[in-house]
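Peer 1: Need coordinates for the below:
(one chain, ligands or ions: 1)
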Amino acid sequence: MRTVRLTNSFHDTAITLRVPDKRDYLTARQVHRARRELCGRRDCQCGHGPALTRGPDQTLDGTRITLVPDSDGSAWIETC
Ligand SMILES: [Zn+2]
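Peer 2: Residues are numbered from 1 along each chain as shown. The predicted structure is shown next:
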């Protein structure tokens, strides 16, 4: 099990999500939960990407990542 940590520096919020070793995406449910925890406000322009993250501190086991949205609401985890 690996750990994805997502942050939003505008609201000073963070969430930690568990991802199985062989899965390289967040489920739609996890993305939804992250959006709610990191911002949760309608019409807010704070965040970026599928999970409304902000700032460079998005990581998978400490490695910096970018989330790429998929059409079904899930998000691919890409290391950068
Ligand atoms: Zn916000």
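
Peer 1: what number of residues lie near residue 59?
Peer 2: By other Cβ atoms under 10 Å, 16 other residues sit near residue 59. For every residue, glycine as well, the C-beta is placed using N, CA and C.

Peer 1: partners of it in the sheet?
Peer 2: residue 5, residue 64 (DSSP bridges).

Peer 1: who's in contact with it?
Peer 2: By Cβ atoms under 8 Å, 6 or more residues apart in numbering, the residues touching residue 59 are 4-5, 65.

Peer 1: neighbour-wise, which of the residues you listed leads?
Peer 2: residue 4 (21 neighbours).

Peer 1: Tell me the secondary structure at the closest residue to that residue other than its chain neighbours.
Peer 2: Once flanking residues are discounted, residue 4 sits nearest to residue 17: 4.6 Å by Cβ to Cβ, 6 or more residues apart in numbering. What DSSP: H, G, I helix; E, B strand; the rest coil gives for residue 17 is strand.

Peer 1: Might you report the residue contacts of residue 17?
Peer 2: Going by Cβ under 8 Å, 6+ apart, residue 17 touches 3-6, 26, 30, 33-34.

Peer 1: Now with 10 Å, please.
Peer 2: Taking Cβ atoms under 10 Å, 6 or more residues apart in numbering, we find residue 17 in contact with 2-6, 26-27, 30-31, 33-34, 37, 51, 60, 77.

Peer 1: Okay, strands next: where are they in this protein?
Peer 2: Assigned by DSSP state E, the strands in the chain fall at 2-8, 13-19, 25-26, 59-60, 63-69, 75-79.
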